[in-house]
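Novice: Take a look and give me a structure for this.
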Amino acid sequence: MSESAIAPSVDAVERVSTAPGFFVCFEGGDGAGKSTQVRLLAQALESEGRDVLVTRQPGGTELGAAIRRLVLHGDHVSPRAEALLFAADKAHHVDELIRPALAAGQIVITDRYTDSSIAYQGTGRDLGADEIRDLQRWAVAGVLPDLTVVLDVSPEVGRARRGEQPDRLESEADAFHDAVRQGFLALAAREPGRYLVVDAGLAPEQIHAVVRERIDEAVAAPR
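Specialist: Numbering: from 1, shown residues only. As a prediction, this is how the structure comes out:
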């Protein structure tokens, strides 16, 4: 049997509805300010009485936290193993946390999701963006965000914003981070209706205002 015959296919894994919930993801390179925007959006929505679940990948579950320690703070992990571990994290995360929250009508906000694997392992590690995209969509069984916000940051700005003890991926050279950046932008160009690209160099309040406007439009639109 050929490899193509057994490989997961994007066409074979259809995107599933997130209703009655709503699924928002923040993506971008290291130092883009995702955590800040996740916090601002969650606070704004909760102040209006919305039921919000905030999570992150990897690390949103006990298994995910273990994978995060191994992959980001442990010893060397081969690129393919890295991709498979991140896929395992997302498969478990969706089953245990994200899908039940959406079914309960919650707004789920995640710091990173499938696009990070496509950009980091598919493009940055040069494993093939389409191959990792297929793997990721299979892992999450078609549960994709209603809106993905890409905070676009250059490697230079991202490096300046990172902490003094970068993890394994943060420690990669600027060429790697530039490839990751281009990977995110390519994904956004592929499905512009489901993405919002924002300059991460803007003030946090400006970014939040742009994101909030798009969120309000998306929530009001029929799905």
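
Novice: rest of the way, CA atoms for contacts and neighbours
Specialist: OK.

Novice: how close does residue 70 get to residue 115?
Specialist: Distance of residue 70 to residue 115, given as Cα to Cα, to the nearest Å: 20 Å.

Novice: ditto for residue 159
Specialist: Counting by Cα to Cα, the gap from residue 159 to residue 115 is 20 Å.

Novice: Which residue ranges of this protein form strands?
Specialist: According to DSSP state E, the chain carries its strands in the segments 22-28, 52-56, 107-111, 147-152, 195-199.

Novice: Same list (those) but as TSV, adding mean pLDDT, distance to residue 96 and mean neighbour count.
Specialist: Shown next, in TSV, are these (pLDDT from 0 to 100; distance: least, Cα to Cα, whole Å; neighbours: other Cα atoms under 10 Å):
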stretch	mean pLDDT	distance to residue 96	mean neighbour count
strand 22-28	98	15	25
strand 52-56	97	12	19
strand 107-111	98	13	24
strand 147-152	98	21	24
strand 195-199	97	25	18
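
Novice: Specify the beta-bridge partners of the residue nearest to residue 195 when sequence neighbours are not counted.
Specialist: Nearest residue to residue 195 in three dimensions, chain neighbours excluded: residue 148, at 4.8 Å (Cα to Cα, 6 or more residues apart in numbering). Taking DSSP bridges as the rule, residue 148 bridges to residue 25, residue 195.

Novice: and residue 148, what is it in contact with?
Specialist: 24, 25, 26, 27, 194, 195, 196 (Cα atoms under 8 Å, 6 or more residues apart in numbering).

Novice: could you dump those to a markdown table with distance to residue 134?
Specialist: Formatted as a markdown table, the contacts of residue 148 follow (distance: Cα to Cα, whole Å):
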| residue | distance to residue 134 |
| --- | --- |
| 24 | 20 |
| 25 | 18 |
| 26 | 20 |
| 27 | 18 |
| 194 | 18 |
| 195 | 19 |
| 196 | 22 |
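
Novice: Out of these, flag the one nearest to residue 171.
Specialist: Ranked by distance to residue 171 (Cα to Cα), the contacts of residue 148 are led by residue 27 at 18.3 Å.

Novice: Quick one: low-confidence residue ranges for the chain.
Specialist: Within the chain, the segments meeting pLDDT under 70 span 1-12, 223.

Novice: where along it do the helices fall?
Specialist: Secondary structure of the chain (DSSP state H): helices located at 3-6, 34-47, 62-73, 79-93, 99-103, 114-117, 129-139, 155-161, 174-190, 204-220.

Novice: Identify, out of those, the most deeply packed stretch.
Specialist: Here the criterion is mean neighbour count by mean count of other Cα atoms under 10 Å, and of the helices of the chain the winner is helix 114-117, at a mean of 24.

Novice: which other helices and strands contact it?
Specialist: strand 22-28, helix 79-93, helix 129-139, helix 174-190 (3 or more Cα pairs under 8 Å, 6 or more residues apart in numbering; DSSP states H and E).

Novice: Next one: the residue lying closest to residue 214 once chain neighbours are set aside from residue 136, what distance?
Specialist: Among residues not flanking residue 214 along the chain, residue 196 sits closest, at 7.9 Å (Cα to Cα, 6+ apart). According to Cα to Cα, residue 196 stands 20 Å off from residue 136.

Novice: can you check residue 180 too?
Specialist: Taking Cα to Cα as the criterion, residue 180 is separated from residue 136 by 16 Å.

Novice: same check, this time on residue 82
Specialist: From residue 82 to residue 136 the distance is 13 Å (Cα to Cα).

Novice: next one: residue 70
Specialist: 19 Å.

Novice: quick one: stretch 163-183 to chain centroid distance?
Specialist: 16 Å (Cα atoms, centre = their mean, to the nearest Å).
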